[in-house]
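# Have a look at this prediction, sequence included:
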Amino acid sequence: MKGFATLLWLEYRRSRVWAAALLGSLAFWAWGLEQVTYAMPEEQLGIRAGFLCAAAITGLVALAFMIGRFRSETRQGQYQILLLTPPSGYFHILARFTFALTIGLAYAVAIAGLLWWATGRAGLHLTSLDTAQLLLVCPLYGVGIVMAPLLAWTLLLMVLSSAYRISGTAWIPGTVMVAATPFVLRFLGERLGDVLYRLPGWRLFTGLDAALARIGIERSSEATHAGIVLPQEPLWGMLALATVMLVLAGRIWQEVEA
């Protein structure tokens, strides 16, 4: 565990500027949300939700580039001693992944907090339980189905390209990864869609219908359940996929060190 703690310290030293910039960008997104004042309350809510979607995508891209920068660091000799220390490649990969995922989770919780603030500005006041689900459950679910596999894929691709010198410049495989991500996610979504709701779903926001009705918004007549039901299958499937990719990345690191 001492070696793992040292590797986490290494991740903090190498990525603290990126992490501070990412978390600091939340001030810009909050300022942008504050400027949306020219539409009806329900229209403001839609505009602000779209603005926060852009913030989430920006955060994902920034985290992917932050976690995949180590090839340039090793080539320049930065932290070379620590990168070749006795802890196994699995610990190196896990430390890098843990630090990035922690920063990503903090960012996701902050985005959820901004969404809660935006809903309040639009007159949509959630119950205490719905607010807790928005601030805790939704970020954890989103991190599990999107952020964790994306970061694991980034690590696997960059370790692979660095180990076997697939590309002379590290940004090329990174760019390919970013460009291919939507297509891979679409494929995974189609496959997971075939098994949705085989397990009991998690029902959230049971007070949402009443809150929407208070500001004059009625849910679609096709809605058959109160609130929103989140399926379990995408979460477990994506976490399993992320685990497999991390194990492969750690194994490649081990082979290169050997």
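Sure, I can see it.
# Run through the stretch 51-200 of the chain and note the low-pLDDT ranges.
70-87, 163-178, 193, 195 (pLDDT under 70).
# One more pass at 90, please.
Confidence mapping of the stretch 51-200 of the chain against pLDDT under 90 gives the ranges 51, 61, 64-96, 115-131, 146, 150, 153-200.
# can I get the CA coordinates of stretch 49-58 in CSV?
Output in CSV follows, covering the C-alpha atoms of stretch 49-58 (Å, rounded to 0.1, in the frame of the first residue of the first chain):
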residue,chain,number,x,y,z
ALA,A,49,-29.4,21.6,-19.3
GLY,A,50,-27.8,21.7,-22.8
PHE,A,51,-25.1,24.0,-21.4
LEU,A,52,-24.3,21.5,-18.7
CYS,A,53,-24.2,18.7,-21.2
ALA,A,54,-21.4,20.7,-23.0
ALA,A,55,-19.6,21.0,-19.6
ALA,A,56,-19.8,17.3,-19.1
ILE,A,57,-18.4,16.5,-22.5
THR,A,58,-15.6,19.0,-22.1
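# Distance from the chain centre to that stretch, please.
Here the centre of stretch 49-58 is set off from its chain's centre by 12 Å, with CA atoms, centre = their mean, to the nearest Å.
# in that stretch, what's buried?
By neighbour count on 16 or more other CB atoms under 10 Å, the buried set for stretch 49-58 is F51, L52, A55, A56. Just so you know, the C-beta spots here come from the backbone N, C-alpha and C atoms, and that holds for glycine as well.
# what residues are up against the third one?
It stands for A55. If a contact means CB atoms under 8 Å, 6 or more residues apart in numbering, then A55 has S25, L26, W29, I111, L114 as its contacts.
# Go through the residues you listed and name the one nearest L241.
Using CB to CB, I111 comes nearest to L241 of those, at 23.3 Å.
# Please tell me I have it right and the closest one contacts P139.
Yes: look at I111 against P139 with CB atoms under 8 Å: they come within range, at 7.5 Å.
# quick revisit: name only those of the contacts of A55 that count as buried.
Under a neighbour-count criterion of 16+ other CB under 10 Å, the subset of those counted as buried comprises S25, L26, W29, I111, L114.
# wait, which of these is closest to G227?
Once CB to CB is applied, the member of those that ends up nearest G227 is I111, at 20.6 Å.
# three-state assignment of that closest one?
helix (DSSP: H, G, I helix; E, B strand; the rest coil).
# Next one: it from L52, what distance?
Relative to L52, I111 is positioned 6 Å away (CB to CB, to the nearest Å).
# How about R16?
As judged by CB to CB, R16 and L52 stand 25 Å apart.
# The chain: helices as residue ranges?
Along the chain, the stretches classed as helices by DSSP state H are 2-24, 26-34, 41-67, 70-75, 80-83, 89-121, 128-132, 138-142, 148-164, 171-193, 208-214, 233-257.
# Give me the contact list for the last one.
Think helix 233-257. The set of residues external to helix 233-257 that reach it, using CB under 8 Å, 6+ apart, is 84, 88-90, 92-94, 97, 141, 144-146, 148-149, 151-153, 155-156, 159-160, 163, 188, 192, 195-199.
# Check the offset of that helix from the chain's centre.
Worked out by CA atoms, centre = their mean, helix 233-257 lies 16 Å from the chain centre.
# so it versus helix 148-164, what angle?
Relative orientation of helix 233-257 versus helix 148-164 (axes from the mean of the first three to the mean of the last three CA atoms, to 10 degrees): 20 degrees.
# And for the second one?
Compare the direction of helix 26-34 with that of helix 148-164 by the same axes, to 10 degrees and you get 140 degrees.
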